[in-house]
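Trainee: Pasted the sequence and its predicted model underneath.
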Amino acid sequence: MELMNNQMPYLLPDEYSKVANKDCHPMCEGMKLVLNRYRFDVKPEIINRSIIEATGLVYECDFNVKKHAESLHYAGEHLKEISGIDFEDWDLLKLATALMIVGYPKGEQTVAGNLKKLFGDDYSTLVEDAPKYKNKGLREVACYRVYEEMLWARKVRFKALRHLAALIRTAHEAYDTEQVMSHE
C-alpha cells in the first residue's frame, strides 16, 4: 500500500493529479527511518515529491556503502591478524581506506584525506606492514572498486543531505505560512 501511495503521483496523468496532497505523498516507515537517522523533524503534511526523491537518494547512498560491510569486515580481519590493528570501531570508509593503503603500498592508487590524522599511530603500522599483505588473499582491484564506490556515495550523500535540509526547511515555511493564512 505504501508503495502504491508513493507512486500515485507518477502514475496519474497531470490532468487527473488533483488528488489531495495527503493521499499523494504519505510518509512510509522507510522514509521515517532515513529522516530520523539524520535527525530531520518532518511533519507528514509537508512531504512532497522533491523530499521523497531526495530522501531516496540519501537511502541509496547509504545502501551503496553498507552493501560492502560484510566483505570489508572479512578483509579487515587481515588487519587484525597481520598488523594487530583493531578496526572494530572504524566506519566502513576508513576500513576501505586502510585496505587501499596495504593493497597499494607504493601509492599506485591514491586515497583521499589526511591519512596520518585519520589513522593516527596505525598509519605507520599500515605502511610498514603493507608488504606482508602480498599473497594473503586481499584482492587489490576489488578493494579499489569498493573504495571508489564508497567515496563517491559519501560525496553524493553529503550533497543530498544539504539539499534535503533545504527542501524540508522550505516545505516547513510554506506549510507554516499556509496554516497562518487559513486561520485568518
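Mentor: Alright, I've got the coordinates.
Trainee: Apart from its neighbours in sequence, what residue is nearest the residue most central in space within the chain?
Mentor: Nearest residue to the geometric centre of the chain (Cα atoms, centre = their mean): Asp62, 2.8 Å. With sequence-adjacent residues excluded and distances taken as Cβ to Cβ, 6 or more residues apart in numbering, Asp62 is closest to Arg157, at 6.8 Å. Backbone N, C-alpha and C define where each C-beta goes, glycine included.
Trainee: Now do the helices in the chain.
Mentor: Counting by DSSP state H, the chain has helices at residues 2-11, 21-24, 29-37, 49-66, 69-78, 92-103, 115-119, 121-129, 140-183.
Trainee: mind putting those helices in a markdown table, mean pLDDT and distance to Gln109 included?
Mentor: Formatted as a markdown table, those follow (pLDDT from 0 to 100; distance: least, Cβ to Cβ, whole Å):
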| stretch | mean pLDDT | distance to Gln109 |
| --- | --- | --- |
| helix 2-11 | 51 | 40 |
| helix 21-24 | 50 | 46 |
| helix 29-37 | 90 | 31 |
| helix 49-66 | 94 | 19 |
| helix 69-78 | 92 | 16 |
| helix 92-103 | 93 | 6 |
| helix 115-119 | 93 | 13 |
| helix 121-129 | 93 | 14 |
| helix 140-183 | 92 | 5 |
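Trainee: Most tightly packed of those?
Mentor: Among the helices of the chain, ranked by average contacts under mean count of other Cβ atoms under 10 Å, first place goes to helix 92-103 (a mean of 23).
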